[in-house]
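In: Quick one, structure for this:
(chains A, B, C, D and E)
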Amino acid sequence: MRVTQRVRKMLDWYESDNPGTKANLARMLMEGKLGGTGKMVILPVDQGFEHGPARSFAPNPAAYDPHYHFQLAIEAGLNAFAAPLGMVEAGASSFAGAIPTILKLNSSNSLAASKDQAVTGSVGDALRLGCSAVGFTIYPGSEYAFEQMEEIRELAEEAKSAGLAVVMWSYPRGPNLDRAGETAVDICAYACHMAALLGAHIIKVKPPTAHLSLEAAKKVYEAQNIDVSTLAKRVEHVVQCAFQGRRIVVFSGGEAKDLDGLYEEVRGLRDGGANGSIIGRNTFQRPKEEALAMLGKIIEIYQGKA
Amino acid sequence: MRVTQRVRKMLDWYESDNPGTKANLARMLMEGKLGGTGKMVILPVDQGFEHGPARSFAPNPAAYDPHYHFQLAIEAGLNAFAAPLGMVEAGASSFAGAIPTILKLNSSNSLAASKDQAVTGSVGDALRLGCSAVGFTIYPGSEYAFEQMEEIRELAEEAKSAGLAVVMWSYPRGPNLDRAGETAVDICAYACHMAALLGAHIIKVKPPTAHLSLEAAKKVYEAQNIDVSTLAKRVEHVVQCAFQGRRIVVFSGGEAKDLDGLYEEVRGLRDGGANGSIIGRNTFQRPKEEALAMLGKIIEIYQGKA
Amino acid sequence: MRVTQRVRKMLDWYESDNPGTKANLARMLMEGKLGGTGKMVILPVDQGFEHGPARSFAPNPAAYDPHYHFQLAIEAGLNAFAAPLGMVEAGASSFAGAIPTILKLNSSNSLAASKDQAVTGSVGDALRLGCSAVGFTIYPGSEYAFEQMEEIRELAEEAKSAGLAVVMWSYPRGPNLDRAGETAVDICAYACHMAALLGAHIIKVKPPTAHLSLEAAKKVYEAQNIDVSTLAKRVEHVVQCAFQGRRIVVFSGGEAKDLDGLYEEVRGLRDGGANGSIIGRNTFQRPKEEALAMLGKIIEIYQGKA
Amino acid sequence: MRVTQRVRKMLDWYESDNPGTKANLARMLMEGKLGGTGKMVILPVDQGFEHGPARSFAPNPAAYDPHYHFQLAIEAGLNAFAAPLGMVEAGASSFAGAIPTILKLNSSNSLAASKDQAVTGSVGDALRLGCSAVGFTIYPGSEYAFEQMEEIRELAEEAKSAGLAVVMWSYPRGPNLDRAGETAVDICAYACHMAALLGAHIIKVKPPTAHLSLEAAKKVYEAQNIDVSTLAKRVEHVVQCAFQGRRIVVFSGGEAKDLDGLYEEVRGLRDGGANGSIIGRNTFQRPKEEALAMLGKIIEIYQGKA
Amino acid sequence: MRVTQRVRKMLDWYESDNPGTKANLARMLMEGKLGGTGKMVILPVDQGFEHGPARSFAPNPAAYDPHYHFQLAIEAGLNAFAAPLGMVEAGASSFAGAIPTILKLNSSNSLAASKDQAVTGSVGDALRLGCSAVGFTIYPGSEYAFEQMEEIRELAEEAKSAGLAVVMWSYPRGPNLDRAGETAVDICAYACHMAALLGAHIIKVKPPTAHLSLEAAKKVYEAQNIDVSTLAKRVEHVVQCAFQGRRIVVFSGGEAKDLDGLYEEVRGLRDGGANGSIIGRNTFQRPKEEALAMLGKIIEIYQGKA
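Out: As a prediction, the model looks like this:
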């Protein structure tokens, strides 16, 4: 694997990590059609846990099979595939070496009685399954946030020492945040910064809206004339909050929308300097050919060709 | 032990497991009258814990003796016998090698002040007692679900690394589910999928009713025309939610009914592609000869002979 | 030590235990005047913890001294002496080898703000003090029952692997039980069965009354015509719930009564097949000579001589 | 160090302890002006934690310096000096070998939101600082009592195996005790007995009043004619509850009083058979010369000379 | 590195620490323009965690980059730089050996649902990142104070045994303290004393006001005529509460104020015998040149030149 100059430079951001972790970051950054560009598209499939199998896979029943997702990610030329324990176990051997995998270490579900997540995988699992990274969701602002931070602290330390990369899903929620606040730009930026401070290598946040949630923050955004009028500007700000861009930041698909809306959003992410997208439901709920076409287009956008 | 092609193919589903775990899965799948067919009938005896000894064994007092159950499972030609620590300890040496055992690692009881379970056995216990698998109950939807998932995550990792198989009883309950919801087909399918994602090798769920519980799921089932009109169709759907059938799914006995009703139900399970049944009270609360006759009939159904 | 046929047969019940644990069971079963008969009388002295020192020992001040209890148990020809950490430490060396000891690993007290127990000893303590067994109280039905079961699970696994025997005090209480329910025969039988399932070698329960507490159990007792009209019949039922008598069951002294009442009760226990008695306060609150006479009489009853 | 017959006899009480622990008990019992008599005076300085520095040390500002307390204890010829981690660290090297030290392992404070204590030191700390013993406070009767007992159980096992002695401060409080109850003689005796059962080598309680707190205990004290009319009689009873005097019992200073009142109290303690006193504030809040005079007088009382 | 007499004397205060810890204290005390004087100015950058990135860095956007802070601390000739995990990781290699670093091991944030902190770093992290010390915040008086004390106890023991220094931020708050109480002189002094007793090498508190908060303390301050009329006098008292000055005490910037107010405050700290200042926001929210000028002036004040 020849590592491009661009990726080599990005690896330098992770100056405190061991060669094992750098190699795993390189594997993800060099994989697929965006390999070497510093951009990434990742396929995450944990919606079966979050929303149930039928709501996730019935629109495209081939997707009930874990192998389908491995195959899709490979055929589409993506950078990595992320899933919970059982789903990775179901295909890790068949597709060993074919695409970098991210083991999602915690999971929530729609039946849950509390707004927490359960730890459902371990660093040892990630290692025996040949994963390149572990993934973990935190809910900054929730009653469980401190506990989650302590869980990922411990898991991340173990992962890093074992040469794995650490991906954090940072999704604010909780008593101090209303619905609009969860995707407000000040909150997304804060969530991104906290993940960076917690030692994440790759940070996943939602595309921010122009809303400002915390009163104290609002004053600063206005006083400092921080431009949050366009998605590109907001993304630029969020990336800035990841140590002036020293950490990889990728964005989820955001609110449901049509394909044109989706492509437009991705252009905004790209123009703002995002490192890429994590797109789940929008991908596997379509027939495979449509999904491949869509992912191809998104990749072209990140390549600056569309 | 010669492993049949059918079982060999099923072992391939467990592509991330070590040879020890595969061997233990093979032991259970090759045992008894259904050995080699890919179908299983398992005898579980934890009702003494759940409901008390008299309610469980008084109708057939020979069943107070743990040896009775080992003997019954062997004579009936079943695939495995599952029980809590003390009961396995009481017969593990007398019946060593005679039938695969599953050590149930957690237990509830009718006196309990909360709807949780206590961890009452360990992987170390399973190993010293020569068990082929460990069993664990989760209550998706309950206040204790995340905690239970974290317990089984840790126990399952340990069990797998020691070459044991992992059986999960996935029984939804909790504040978001009414009585009908606990066996609704969307909920059973979800419970089955979660157990698969948690890394179970064998999943036990209840036979699903045609009821749909979650509003959000109901819409999808209707929009996608998922056929839940017959038990066979519902079972097919539940099995699909186990990674398109890549995980073994067995069903408990369901609501009390007469023998004809029970056989009819088993035919539905078989026709839907279930891998088998776990039948406790219906078995050991009858005189031994009646129980053997009943189990023989069920086995014939799974063999396609009845 | 020559082990009798009777005791050798009882050791066979514990077919999954290692030779170390069997040897310790044998030591207790072969000790004292009942040695070799399969019957046991054990002296427990944890009342100072439970009720305070003056309420326990003021009626017979010699009993403030731990050595007194070791001496009493030895002179009376009992099978074992059970006590919390400090009391065992205070005499373990002076009486090393003179009588088997059971280290009580948890304790409650009358000042406590909750109906739980504290773990106050360890398996390591039992080993360094030369004990033959560890003892542990569970309160099935209480808010702390699951936690206590998990504590004893862990301690019992450790004790068994170190060759110690495990004695469980199973005392139901909690929100689902009224005062009468705590000693109801269905509840005692259930408590005994749970201790057996948790892996106890020796189970201590209270003498059951003819009361039936759980509505669901009541129906079964009536439908199955389970005879609970005499203490002997009830004890027979409780012993049956200990794996058809495959586990040693001993009974505490029950409600306060005069000596004749006590002897009558012990005859009931004996006739029902109990393996013996654990008698604390009734013993050490009398002058030593009276206590020795009383214990002598109880032993004669178990010998079938009185 | 030549150990006196009296001390050698006391060491025999601790028949289950290893030579390391016995040696450390001997070090404390042989130190200072009371060395060899079986009596002890100990200086405890944790009031800065409990009440704050100014309330503790402002009356005698030299006492802000940890070295002052080491020096004071040495000059006064006391048996040991007890303090929390930071204070022992501040002088352990300068005064290494000059006086036995007791590392207090838990601490409370006046700002605390709950009536618990924090564990603030470890057995490892005690070892690296050359301490002879660890100290720990329990609050029998409080909501945290079971947890505290489990903490000290674990710490005490570790300390004993490392050859350290274990000192327990047993201070009853909690929802079942009113202010008068906390020092009632039945409660002090109970607290002392619990510490003994928990395995303490040295027990610290408060001087008991003639009050009887628990209704059930009161009946026994009256029925058995337990004499609690004088401090000496009450102390005698408390010592009796420490395994008939097989454990060392020392008393704190009790309510604030003038010097004559203090000496009178110490005479009562001595006459009741107490093993000594632990005196903090009364000591270091006076100018050094006055403190030395006072301690000299107390020592004389224990020597039977005053 | 030649250690000055002044610093050598300060190292003697830490008489129980190993040479590794003493060396790290020396590294911090000998670094920068105040090196060797016994005074310190430290740059802490955890405001992004506490208040969010925009509120922290937008006034001076260069500060979004972790390298900026390393550079600033070096150019200003400070003694050390303190930050949470991710920020230290982002520059630890580029600036290895260039300035001592303090890894902040716990963190709070403005979205939090409770007034606690999450542990977000470990001693292992500090060692692999080449830090000289670990930092930890406690909130004496809060509902989480005992838990925090137990966390830092364990982390501090580990840090000390690994040759690291321990810095404690001691910030009182909680139900027994109103806003004014949090910086009252009796409370600051108490907070400082508790950190010393917990084993801190360096203690950070806020500049105390003349307010007295605890009623019981107030009486003593008045009775003993403790002079709290000037900042210098109050600082003197706080330092006295750090074992008569045997521990290093540094002060945070206090309430927002203009530069002259800030310099005046620093003069008060210096005149009271403070060992230095920890100044965050006041530093990095200004353009770099202004920040360097300000820090230069503060250093001159501590040098007695301004």
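In: of all of chain A, which residue lies closest to chain D?
Out: residue A:146 (17.4 Å; Cβ to the nearest Cβ). (Glycine included, C-beta is placed from N, CA and C.)
In: And for that residue, the neighbour number?
Out: If you count neighbours by other Cβ atoms under 10 Å in any protein chain shown, residue A:146 ends up with 24.
In: can you tell me which helix or strand it belongs to?
Out: Per DSSP states H and E: residue A:146 is located in helix A:145-161.
In: angle of the next helix or strand after that helix against helix A:145-161?
Out: The helix or strand immediately downstream of helix A:145-161 is strand A:165-170, counting by DSSP H and E. If you take axes from the mean of the first three to the mean of the last three Cα atoms, to 10 degrees, strand A:165-170 sits at 160 degrees to helix A:145-161.
In: Low-confidence stretches in chain A?
Out: Within chain A, the segments meeting pLDDT under 70 span A:254, A:256.
In: from what I can see residue A:114 touches residue B:146, true?
Out: Yes: counting by Cβ atoms under 8 Å, residue A:114 does reach residue B:146; the two are 7.1 Å apart.
In: about what we covered before: counting by contacts, list what the helix holding residue A:146 packs against.
Out: The contact analysis (3 or more Cβ pairs under 8 Å, 6 or more residues apart in numbering or on different chains; DSSP states H and E) places helix A:145-161 against helix A:123-128, strand A:133-138, strand A:165-170, strand E:118-119, helix E:123-128.
In: Save those as JSON lines, and put in mean neighbour count and distance to chain C too.
Out: Converted to JSON lines, these look like this (neighbours: other Cβ atoms under 10 Å in any protein chain shown; distance: least, Cβ to the nearest Cβ, whole Å):
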{"stretch": "helix A:123-128", "mean neighbour count": "20", "distance to chain C": "22"}
{"stretch": "strand A:133-138", "mean neighbour count": "26", "distance to chain C": "27"}
{"stretch": "strand A:165-170", "mean neighbour count": "28", "distance to chain C": "32"}
{"stretch": "strand E:118-119", "mean neighbour count": "20", "distance to chain C": "25"}
{"stretch": "helix E:123-128", "mean neighbour count": "20", "distance to chain C": "28"}
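In: With distance to chain D added, can I get these in CSV?
Out: Formatted as CSV, the helices and strands packed on helix A:145-161 follow (distance: least, Cβ to the nearest Cβ, whole Å):
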stretch, distance to chain D
helix A:123-128, 28
strand A:133-138, 27
strand A:165-170, 31
strand E:118-119, 16
helix E:123-128, 14
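In: Just put those in a markdown table and tack on distance to residue E:281.
Out: A markdown table is the format used below for these (distance: least, Cβ to Cβ, whole Å):
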| stretch | distance to residue E:281 |
| --- | --- |
| helix A:123-128 | 37 |
| strand A:133-138 | 25 |
| strand A:165-170 | 24 |
| strand E:118-119 | 21 |
| helix E:123-128 | 24 |
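In: so the closest residue to residue A:288 other than its chain neighbours is in which element?
Out: Computed as Cβ to Cβ, 6 or more residues apart in numbering or on different chains, the closest residue to residue A:288 that is not its neighbour in sequence is residue A:72, at 6.4 Å. Per DSSP H and E: residue A:72 is located in helix A:66-76.
In: list the helices and strands the helix or strand that that helix is followed by packs on?
Out: Per DSSP H and E, the first helix or strand lying C-terminal to helix A:66-76 is strand A:80-83. Applying 3+ Cβ pairs under 8 Å, 6+ apart, one finds that strand A:80-83 makes contact with strand A:40-44, helix A:66-76, strand A:101-104.
In: residues near the closest residue to residue A:212 other than its chain neighbours, how many?
Out: The spatial neighbour of residue A:212 that comes closest, neighbours along the chain excluded (Cβ to Cβ, 6+ apart), is residue A:218 at 4.3 Å. Number of residues near residue A:218 (other Cβ under 10 Å) recorded here: 15.
In: Enumerate the positions of the strand or helix carrying residue A:218 that are buried.
Out: In the assignment (DSSP H and E), residue A:218 maps to helix A:215-223. Neighbour-count burial for helix A:215-223, counted by 16 or more other Cβ atoms under 10 Å in any protein chain shown, picks out A:217, A:220, A:221.
In: Give me the contacts around it.
Out: Helix A:215-223 has contacts (Cβ atoms under 8 Å, 6 or more residues apart in numbering or on different chains) with A:185-186, A:190, A:212, A:226, A:228, E:51-52, E:54-55, E:58-59, E:110.
In: With residue E:203 as the reference, name the closest of the helices and strands packed on strand A:80-83.
Out: strand A:101-104 (41.8 Å; Cβ to Cβ).
In: Mind listing the strands the closest one pairs with, and their directions?
Out: strand A:80-83 (parallel), strand A:133-138 (parallel) (DSSP bridges).
In: There's contact between the residue nearest to residue A:288 and residue A:287 in this structure, I believe.
Out: No: contact between residue A:72 and residue A:287 fails when scored by Cβ under 8 Å: they sit 10.9 Å apart.
In: between those two, which one's more packed in?
Out: The residue with more neighbours, out of residue A:72 and residue A:287, is residue A:72; 22 against 11, by other Cβ under 10 Å.
In: give the contact list for the more buried one.
Out: By Cβ under 8 Å, 6+ apart, the contact set of residue A:72 is A:43, A:283, A:284, A:288, A:291, A:292.
In: element containing the last one, please.
Out: Right, residue A:292. helix A:288-302.
In: can you pull the alpha-carbon coordinates of that helix into CSV?
Out: Taking Å, rounded to 0.1, in the frame of the first residue of the first chain, the C-alpha atoms of helix A:288-302 are listed here in CSV:
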residue,chain,number,x,y,z
LYS,A,288,-28.2,-2.3,-4.7
GLU,A,289,-27.8,-0.7,-8.1
GLU,A,290,-29.4,2.5,-7.0
ALA,A,291,-27.2,2.5,-3.9
LEU,A,292,-24.1,2.0,-5.9
ALA,A,293,-25.1,4.9,-8.2
MET,A,294,-25.8,7.2,-5.3
LEU,A,295,-22.5,6.3,-3.5
GLY,A,296,-20.7,6.8,-6.8
LYS,A,297,-22.1,10.3,-7.1
ILE,A,298,-21.3,11.2,-3.5
ILE,A,299,-17.7,10.0,-4.1
GLU,A,300,-17.5,12.2,-7.2
ILE,A,301,-18.7,15.1,-5.2
TYR,A,302,-15.9,14.6,-2.7
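In: That one versus helix A:66-76: what angle between them?
Out: 40 degrees.
In: Give the buried residues for helix A:288-302.
Out: A:288, A:291, A:292, A:294, A:295, A:298, A:299, A:301, A:302.
In: closest to residue A:33 among the residues you listed?
Out: Taking the buried residues of helix A:288-302 together and measuring to residue A:33 by Cβ to Cβ, the closest member is residue A:299, at 5.0 Å.
In: what about the closest residue to residue A:120 other than its chain neighbours, distance to residue A:83?
Out: Distances taken as Cβ to Cβ, 6+ apart place residue A:107 nearest to residue A:120, at 4.8 Å, with adjacent residues excluded. Remark: distance between residue A:107 and residue A:83 (Cβ to Cβ, to the nearest Å) = 10 Å.
In: Overlap of the contact sets of the two?
Out: Counting by Cβ under 8 Å, 6+ apart, the residues touching both residue A:107 and residue A:83 are residue A:46.
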